[in-house]
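>>> From the sequence below, what's the structure:
(2 chains)
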Protein chains: 2
Amino acid sequence: MPGHPSPTNPAGAFAAAQGAVVPVDHAAGADARHLSDRLTKPRGALGRLEALGAQLAAIAGVCPPPVPEPAAVAVFAADHGVVAEGVTPWPSEVTAQMVANLVGGGAAINVLARQIGAPVMVVDVGVATALPEGLASRGLIEARVRNGTGNIAVEQAMTAAQVAQALDLGAAIAAQLIAGGARCLVTGEMGIGNTTASAAIVAALCRRPPVEVTGRGTGIDDEMLARKVAVVEQALARLPGDADVLTLLTTIGGLEIAALAGFIVGGAAARVPVIADGLIAGAASLVADRFVPAARGYLIAGHRSSEPGASAALAMLGLDPVLDLELRLGEGTGACLAVPVVQASAHILREMATFDSAGVTDKDL
Amino acid sequence: MPGHPSPTNPAGAFAAAQGAVVPVDHAAGADARHLSDRLTKPRGALGRLEALGAQLAAIAGVCPPPVPEPAAVAVFAADHGVVAEGVTPWPSEVTAQMVANLVGGGAAINVLARQIGAPVMVVDVGVATALPEGLASRGLIEARVRNGTGNIAVEQAMTAAQVAQALDLGAAIAAQLIAGGARCLVTGEMGIGNTTASAAIVAALCRRPPVEVTGRGTGIDDEMLARKVAVVEQALARLPGDADVLTLLTTIGGLEIAALAGFIVGGAAARVPVIADGLIAGAASLVADRFVPAARGYLIAGHRSSEPGASAALAMLGLDPVLDLELRLGEGTGACLAVPVVQASAHILREMATFDSAGVTDKDL
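Sure, this is the predicted structure:
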């Protein structure tokens, strides 16, 4: 349809998604809990799997819920001008190199997504440097909004129009994956410096001191960590006291965080569960929640990253992560590993026998 | 080969397995850790997945390790005479009913095993009551050693010959599954009353007071829990101070715990990883470790059960569980859910690009 938002022409996709989100169906969730109690197992014995099954029913609005498959991963890549402050030991050209690696199928998320049969869509929403030739013909979505964010220690990350572009892009990517058959979205990202911007977002939206939510990212020493905390404080000092979420994104960024927020809202709009990865996804989830509070019900925390800011975001959102494997890689790896567990919760509700159907005696109550 | 141990004629299978276990190959494990450091990710960023990959390499004796697939589940079913003491609200006929449900494919483990493409072998090693007709033609392995154990509050669980039979059966089942192509074994069990026997085994082998390692099993109230603790104390009071592991099994049981110990040793003998489920598998792992200390290296703890005795067993064995989903169902459910994560660790080592191969710049060291 001409003018319909798409990754190549996403204008309006975020507003459309925002308007389409409805609260999850708590009655269907309650039905799932009741069904769970009739299955041939002690009540509650499947622990978190029962809660996940109820959430999937609430998301789909039906009990038992459909199995959320196939899954699809979107990896939003972007750079951060704040790397100029010395907050990471990784040179900034690594973002572009990793985009090539992601398109080539050699990154961790490619391996994990292949295992679960999920495609990986790689999106340049704001890489700072030139990418190798020919990646678009191998699947890269070229949708660069700008060449990385500004250095948030001293300047704005981006303009409000650029934030809108990134939000639209994320929502349009979600819509395209779902139109292509995806029934479970996995958040992924790549961007040298993005744990710094994410820590600042988490500090702002969870009202926590930067020192509590700023972590070692890809692995930094005490001196660099102290510098990173100071940079987060500098960036937050530039934020007006009454800042709304749009101002937060223009002040802090990043381009992939805004895109992920759009992606989450896009999934929620289509009533598809969105499995969030670690710290960056946590920051994006907080942002999505500020834009559309009802989107929260569609979010499943794939894992507890070892980054402290990730746990702060989960606590604020009331999300209980599926896995805790001490991962701190990003790309969507922890979320992707959680997919089979999430799918299992639906299989249980759909396929297990009940006490009645199996002729098993329930316990003496 | 005539006289070769098999599930129908398992005599000697445990001794053969015991003699075949060799320590895991720590050099291959170290190779995996070095390979992991060259993959396109920050060192250590895949957390527990890297440790699992190293363990799989050590188990297989080669780096990168083969992906441990397909998996196969064995569910050993048995009853416990101790239910006469009122330690569970479930009537004992439920074990037989659940065996029928397991053979029919309606239990939780059936659903989860189907999801990962693993067959479920259901084994009657000691159910107390009659089973419905016709289960053998639908796959049940009829290998009942006796009709449940004795009431361990007041009498021996079984004879030494019966322990040997159960150990042999478990080892023979492992050998048969591996001969059939399984490259990853999942421990499963079903038996009303088996958390009582398992708590007693854990208390004895971890030298912990019964009150610390006895849990609510399938869900019991405070009064029943107090009775359960007292029964565990009674059973342990019958154990000679210098008891070896064979005496422990004759005194406490159970038949499925002995079979699982044989199964674990059987997997280790074939250098196949064994993913252990919860409390009952933990007790069996402790037993297997006493028989063959080198078997420990082949064990992977699938999850942390919410039963306190399970955590005590894991701590004693130095095992760090893959999942923590507050499960307390048994049947192998938690171990089965962990299989994709374990397999992912091998995929990562086999398929990820290295910094060199992908042309990605490593961090400034």
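>>> Now do the SS call for whichever residue of the stretch 151-300 of chain A sits closest to chain B.
In the stretch 151-300 of chain A, the residue that lies nearest chain B is A:Thr218 (3.8 Å; CB to the nearest CB). Every residue, glycine included, has its C-beta placed from N, CA and C. For A:Thr218, the assignment made with DSSP: H, G, I helix; E, B strand; the rest coil gives coil.
>>> check contacts around it.
A:88-90, A:195, A:328, B:42, B:45, B:363 (CB atoms under 8 Å, 6 or more residues apart in numbering or on different chains).
>>> Now do it against A:Val202, distance only.
17 Å (CB to CB, to the nearest Å).
>>> what's the answer for A:Gly148, then?
In this view, A:Gly148 and A:Val202 are 21 Å apart by CB to CB.
>>> ok, and the most crowded of the contacts of A:Thr218?
Highest neighbour count within the contacts of A:Thr218: A:Thr195, with 31 neighbours (other CB atoms under 10 Å in any protein chain shown).
>>> ok, that one touching A:Ser305?
No. Counting by CB atoms under 8 Å, A:Thr195 does not reach A:Ser305; the two are 9.6 Å apart.
>>> Next, A:Val122: phi, psi?
phi -100, psi 130 (degrees, to the nearest 10).
>>> let me redo that: A:Ala153
Main-chain dihedrals, A:Ala153, degrees, to the nearest 10: phi -70, psi -30.
>>> what about chain A, any weak spots by pLDDT?
Residues of chain A meeting the criterion pLDDT under 70: A:1-4, A:364-365.
>>> Return the residues in contact with the closest residue to chain B within the stretch 101-250 of chain A.
Here the residue of the stretch 101-250 of chain A nearest chain B is A:Gly106; by CB to the nearest CB that distance is 2.8 Å. Contacts for A:Gly106 (CB under 8 Å, 6+ apart) come out as B:40, B:351-353, B:357-358.
>>> swap the cut-off to 7 Å and go again
A:Gly106 makes contacts with B:40, B:352-353, B:358, as judged by CB atoms under 7 Å, 6 or more residues apart in numbering or on different chains.
>>> To what extent is A:Asp242 buried, counted in neighbours?
6.
>>> Now do the SS call for it.
Look at A:Asp242: counting by three-state DSSP, its state is coil.
>>> Quick one: distance of stretch A:217-229 to the chain centre.
How far stretch A:217-229 lies from its chain's middle: 24 Å, per CA atoms, centre = their mean, to the nearest Å.
>>> and the stretch 251-365 of chain A, which residues reach chain B?
Residues of the stretch 251-365 of chain A lying close to chain B by CB under 7 Å from any CB of the partner chain are A:306, A:323-329, A:337, A:340-341, A:343-344, A:347-348, A:351-353, A:358-361, A:363-364.
>>> Can you turn the buried part of those into a PyMOL selection?
Of those, the buried ones can be selected in PyMOL as follows, counting by 16 or more other CB atoms under 10 Å in any protein chain shown:
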select buried, chain A and resi 306+323+324+325+326+327+328+329+337+340+341+343+344+347+348+351+352+353+358+360+363
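>>> Where helices are concerned, which of the residues of the stretch 251-365 of chain A next to chain B count?
Among those, the residues falling in helices (DSSP state H) are A:337, A:340-341, A:343-344, A:347-348, A:351, A:358.
>>> Pick out whichever of A:Gly148 and A:Val202 has more residues nearby.
A:Val202 (30 against 27).
>>> okay, stretch A:247-267 in CSV with CA atoms only?
Taking C-alpha atoms only, stretch A:247-267 is exported to CSV below (Å, rounded to 0.1, in the frame of the first residue of the first chain):
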residue,chain,number,x,y,z
THR,A,247,14.1,15.0,25.7
LEU,A,248,15.9,12.1,27.4
LEU,A,249,16.5,10.5,24.0
THR,A,250,17.7,13.7,22.4
THR,A,251,20.0,14.4,25.3
ILE,A,252,21.4,10.9,25.8
GLY,A,253,20.6,8.7,22.8
GLY,A,254,21.4,6.3,21.4
LEU,A,255,20.0,5.7,18.0
GLU,A,256,19.8,1.9,18.6
ILE,A,257,18.1,2.5,22.0
ALA,A,258,15.4,4.6,20.3
ALA,A,259,15.0,2.0,17.5
LEU,A,260,14.7,-0.8,20.1
ALA,A,261,12.0,1.2,22.0
GLY,A,262,10.1,1.5,18.7
PHE,A,263,10.7,-2.2,18.0
ILE,A,264,9.2,-3.1,21.4
VAL,A,265,6.2,-0.9,20.9
GLY,A,266,5.8,-2.4,17.4
GLY,A,267,5.7,-6.0,18.8
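>>> Name the residues of it that are buried.
Quick answer for stretch A:247-267 (16+ other CB under 10 Å): A:248-267.
>>> In strands, which of these fall?
Among the buried residues of stretch A:247-267, no member is found in strands (DSSP state E).
>>> from memory A:Ala261 sits against A:Ala284, does it?
Yes. At 4.6 Å, A:Ala261 counts as touching A:Ala284 under the criterion of CB atoms under 7 Å.
>>> For A:Pro132, give its distance to B:Asp362.
From A:Pro132 over to B:Asp362 the distance is 18 Å, taken as CB to CB.
>>> try A:Ala32
Relative to B:Asp362, and taking CB to CB, A:Ala32 is found at 47 Å.
>>> Neighbour count: these two, which is higher?
The neighbour comparison of A:Ala32 against B:Asp362 (other CB under 10 Å) goes to A:Ala32, with 28 against 17.
>>> quick one: buried residues of the helix or strand where the more buried one lies?
A:Ala32 is part of helix A:26-38, with elements assigned from DSSP states H and E. Residues of helix A:26-38 classed as buried under the neighbour-count rule (16+ other CB under 10 Å) are A:28-29, A:31-33, A:35-36.
>>> Give the buried residues for the helix or strand following it.
Next along the chain after helix A:26-38, taking DSSP H and E as the criterion, comes helix A:47-60. Neighbour-count burial for helix A:47-60 flags A:47-60 (criterion: 16+ other CB under 10 Å).
>>> cool, stretch A:154-171 as well?
Those would be A:156-158, A:162-171, for stretch A:154-171 by 16+ other CB under 10 Å.
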